[in-house]
Every structure is written in C-alpha cells, then in structure tokens.
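A.B. asks: Sequence and predicted structure below; questions after.
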Amino acid sequence: MAVACQTYTGGIHVAQSVLVPDELYERLQREANAARVPIEDVAARALATGLPPGLNDIPERHRDALRHLETLPDTDLWAVLRERFPAESAARQAALLDAHAHGRLSATERAELRRLSDAANRLMLRRAHAAALLRWRGHTVPLVRG
C-alpha cells in the first residue's frame, strides 16, 4: 500500500508516495479515522517522530558539522561519542570562568574564554547528536558524560 505525502519546496507542492506494508497502512488509517485527520498527517507525524532528531533548533553555524555526522557509519559515531575536551583546555576554561566571576578578565582573556566555551559547546553538540543517531540506529548508548 502507498501513503501519499505532499512536500512544500520552494513554493511548490510536490506529491510523493511511500510504499508501506498493508498492516502498517491499516494502523495509519485506524489512527487517522480515530483522530479525524487525513492519513497523510498521521504518516507525516509518525515519520517525524521516528527519524533522528532534526537540526532546526541548533544554531546555523553548527548544522553542517552535525549533518555530516548523519552520513557516518556507526563505528565513527562511537568514536565521536568517545571524544573528550582536552584536560588542559577544561582547566584553563575553569580558571577563566572563575576570574570572570570575580570581574578579573582582560579583553584577551574574554576572547580566550569565548573560544574555549565555543569549542566545548561544539564538542558537546557533536557528542549528543552522535548519541542520538546511535540510539535511533538501535544501539544502547550509555549516558554521555564529561
């Protein structure tokens, strides 16, 4: 059975069909009937919740790097998950944060703190997205720490 979907691309509606097993189509149809909504809406919602997390809520400057992770094999995603922020960078960031809390940062140190914080945030986003992709691919992923 096919579920027809419409996408909106550049001002144009494009109709697409997706072949699904009869049993799945019947489940979609039952849900659509019960909710009194078109089957296309139910199918789109089911697909959206069943796919890896989207990147719309991620700052634009990070999206390409995260999108690239979606192309990697599982072994490479596990390697990303094991990446760590260098201990010396973390120690320096902590010292700068402490100095900042006490109002003792120079302009150069503020720039260094921004650079270190951006690097730590990029790593955190990469690791979190790799974990989400691995979970979606059926792996049991331990809680991501440090």
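C.D. replies: Cool, the structure landed. This structure is a prediction, so every number in the text was calculated from the model and none was measured.
A.B. asks: Just give me the neighbour total for Pro86.
C.D. replies: Per other CB atoms under 10 Å, the neighbour tally for Pro86 reads 12. Quick note: C-beta positions are derived from backbone N, CA and C, even for glycine.
A.B. asks: for Ala132, what are its contacts?
C.D. replies: Contacts here follow CB atoms under 8 Å, 6 or more residues apart in numbering; on that basis Ala132 touches Pro52, Pro53.
A.B. asks: buried stuff in stretch 124-144?
C.D. replies: Within stretch 124-144, the residues that count as buried by 16 or more other CB atoms under 10 Å are Leu125, Arg126, Arg127, Ala128, His129, Ala130, Ala131, Ala132, Leu133, Leu134, Val141.
A.B. asks: oh, I was asking about stretch 110-129
C.D. replies: By neighbour count on 16+ other CB under 10 Å, the buried set for stretch 110-129 is Leu113, Leu116, Leu123, Leu125, Arg126, Arg127, Ala128, His129.
A.B. asks: Can you pull the phi/psi pair for the residue of the chain positioned farthest from its centre?
C.D. replies: Distance from the C-alpha centroid of the chain, by CA atoms, centre = their mean, peaks at Arg104 (36.4 Å). The phi and psi values for Arg104, taken as degrees, to the nearest 10, are phi -120, psi 40.
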